[in-house]
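Enquirer: the sequence and its predicted three-dimensional model are supplied below.
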Amino acid sequence: MSRFRMPAAVAALGAGLLFTCVPAASAQSAAPLRALADRAHVRIGTAVDMTALADDSTYRATTGREFSSVTAENVMKWEAVEPQRGAYDWTKADALVRFARQHGQAVRGHTLVWHNQLPGWLTSGVADGSIGAAELRGILRRHIIAEVGHFKGRIHQWDVVNEVFDDDGSPRDSIWLRTLGPSYIADAFRWAHAADPGAKLFLNDYNVEGVNAKSTAYYELARTLRAQGVAVQGFGVQGHLGIQYGFPGDVAGNLARFEELGMETAFTEVDVRMVLPADAAKRATQAAYFRGLLDACLATRHCTSFTVWGYTDRYSWVPGVFTGQGAATLLDEDFTPKPAYAAVRDGLAAGRRAVSGA
Ligand code: G3I
């Protein structure tokens, strides 16, 4: 699959930003990431696999100890929360919110409108024509109001629409675009804002780390919607990288232009995969990539959270999707920290003053 493939040409490695990992001061090595993140005024987050959280005590303890923000990897998606039409199941999502509360963690809500992981009753109804445009719009509205309303006051950032552009910057084909037209995006934000005015509402996508056609499409969308008074308050950069594709160019500049619109930014799903087997050189490059994204976040005043999409290779979506690739997270399958963990730790310890222009 080449879903997250970066153009090779973006290997402009931001000299001075990358490959500058130095050992952390020894006093800091024992501090969990979240303690260092607090000092850097950023949330350090992870996607959480709820099956692992229930079954694996090491995973549970590590998730609670290291992170100050959590995102449901799957259990807040539409297929999970409304498997039968009108019959909601919040059990697993509620369990995550409870875990977060017990551990003093913020929760990112992921995700309200997506083309993927939709319930079968919805996709088949649209496909066979039994659900038409007016009904679909009502279904989307009810979904957003039900889900955002259910978690009102407990989610600090919602990924309202996820992955709505193709890499060339054109609107992604989906049941939403095809049936409702592009206005579904503004509608989704309006409904989400009405259901929880306190939550920060985000656009979210992959391959938008640097300045490119896709991130520019988001910039224009955000600018237009905000000019219309729509509460589009954040831009979420997923950060699914692969070392074989090079590091994206001008990440900090990309975040800065969203900030100039008055928005927050966040890295929402960071992982850095490689062609297996892993070796020391690949792990060093991976560490530099994690650090490069983190430094861009810390260089941007309103980059408020840095979330990894899983933190141990024991539970990572990557090998199941990209055959022959993996080792994409901070810890190996035995929860042993890799150089990438040290890079993130050191970057957080260096804080926002580490990057010139911060
Ligand atoms: O729930 C079923 C379970 O009942 C069944 O037994 C099992 C058998 O394989 O499958 C389970 O569903 C899986 C689901 O994750 C929950 O575990 C799906 O097969 C699997 O495809 C699904 O993958 C998720 C993927 O989104 C789906 O697109 C990954 O875990 C999740 O990490 C990934 O996350 C996405 C973000 O939401 C958006 N950005 C990209 C990112 C990576 O693809």
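Expert: Right, received. Where do you want to start? Please read these numbers as outputs of a predicted model, since none were measured by experiment.

Enquirer: which residue would be the closest one in the stretch 201-350 of the chain to the ligand?
Expert: Of all residues in the stretch 201-350 of the chain, the one sitting closest to the ligand is Trp317 (3.5 Å; C-beta to the nearest ligand atom). In this view, the C-beta of every residue, glycine as well, is placed from N, C-alpha and C.

Enquirer: pLDDT score for that residue?
Expert: Note on Trp317: pLDDT of 98.

Enquirer: give the contact list for it.
Expert: 73, 309-310 (C-beta atoms under 8 Å, 6 or more residues apart in numbering).

Enquirer: apply 7 Å and report the result again.
Expert: Residues in contact with Trp317 (C-beta atoms under 7 Å, 6 or more residues apart in numbering) are Gly310.

Enquirer: which parts of stretch 57-74 are buried?
Expert: By neighbour count with 16 or more other C-beta atoms under 10 Å, stretch 57-74 contains the buried residues 59-60, 62-64, 66-74.

Enquirer: got it, and stretch 157-171?
Expert: Quick answer for stretch 157-171 (16+ other C-beta under 10 Å): 157-165, 167, 169.

Enquirer: again with stretch 270-289
Expert: Here stretch 270-289 shows 270-274, 278, 282-289 as buried, counting by 16+ other C-beta under 10 Å.

Enquirer: return the subset of these lying in helices.
Expert: Under the assignment DSSP state H, these contribute 282-289 to helices.

Enquirer: pLDDT value on Ala61, please?
Expert: 98.

Enquirer: am I right that it is in a helix?
Expert: Yes. Counting by DSSP: H, G, I helix; E, B strand; the rest coil, Ala61 is located in a helix.

Enquirer: just the buried residues of stretch 57-74: which are in strands?
Expert: Those of the buried residues of stretch 57-74 mapping onto strands are 69-72, per DSSP state E.

Enquirer: nearest residue to the closest residue to the ligand within the stretch 51-200 of the chain other than its sequence neighbours?
Expert: Closest to the ligand within the stretch 51-200 of the chain is Asn74: 4.2 Å, counting by C-beta to the nearest ligand atom. Distances taken as C-beta to C-beta, 6 or more residues apart in numbering put Ala80 closest to Asn74, at 6.0 Å, once the chain neighbours are dropped.

Enquirer: likewise for Arg283?
Expert: Arg283 sits nearest to Pro339 (C-beta to C-beta, 6+ apart), 5.0 Å away.

Enquirer: wait, the one you found sits on Ala284?
Expert: Yes. Between Pro339 and Ala284 there is a contact under C-beta atoms under 7 Å: 5.8 Å.

Enquirer: the residue of the chain positioned farthest from its centre in helix, strand or coil?
Expert: Relative to the C-alpha centroid of the chain, counting by C-alpha atoms, centre = their mean, Ser130 is the outermost residue, at 33.6 Å. Each residue gets one of three states, and Ser130 gets coil by three-state DSSP.

Enquirer: go on, Ala186?
Expert: Quick answer, by three-state DSSP: Ala186 is helix.

Enquirer: look at it and report its pLDDT.
Expert: 98.

Enquirer: tell me, how many residues neighbour it?
Expert: Residues lying near Ala186 (other C-beta atoms under 10 Å) number 18.

Enquirer: list the contacts for it?
Expert: Per C-beta under 7 Å, 6+ apart, neighbours of Ala186: 225, 230.

Enquirer: how many residues are close by Ser174?
Expert: The burial count for Ser174: 17, using other C-beta under 10 Å.

Enquirer: give me the nearest residue to it, chain neighbours excluded.
Expert: Per C-beta to C-beta, 6+ apart, closest to Ser174 is His115, 3.8 Å.

Enquirer: surely the one you found and Asp173 touch.
Expert: No. In this structure His115 lies outside contact range of Asp173 using C-beta under 7 Å: 8.1 Å.

Enquirer: more crowded one of these two?
Expert: For His115 versus Asp173, the count of surrounding residues by other C-beta under 10 Å is larger for His115: 15 against 10.

Enquirer: mind checking the SS state of that one?
Expert: Strictly by three-state DSSP, His115 counts as coil.

Enquirer: any idea of the pLDDT on it?
Expert: For His115, the predicted pLDDT is 98.

Enquirer: dump the residue contacts of it.
Expert: When contacts are counted by C-beta under 7 Å, 6+ apart, His115 touches 163, 172, 174-175.

Enquirer: quick one, what contacts the residue nearest to Arg283?
Expert: Pro339 is in contact with 283-284, 287, counting by C-beta under 7 Å, 6+ apart.

Enquirer: do that again at 10 Å, thanks
Expert: Counting by C-beta atoms under 10 Å, 6 or more residues apart in numbering, Pro339 touches 21, 280, 282-288, 290-291, 330.

Enquirer: quick one: name the residues of this protein near the ligand.
Expert: Within the chain, the positions near the ligand by C-beta under 6 Å from any ligand atom are 73-74, 116-117, 162, 238, 269, 317.

Enquirer: can you map out the strands along this protein?
Expert: 43-48, 69-72, 106-113, 157-162, 200-205, 234-237, 240-242, 264-275, 303-308, 325-326.
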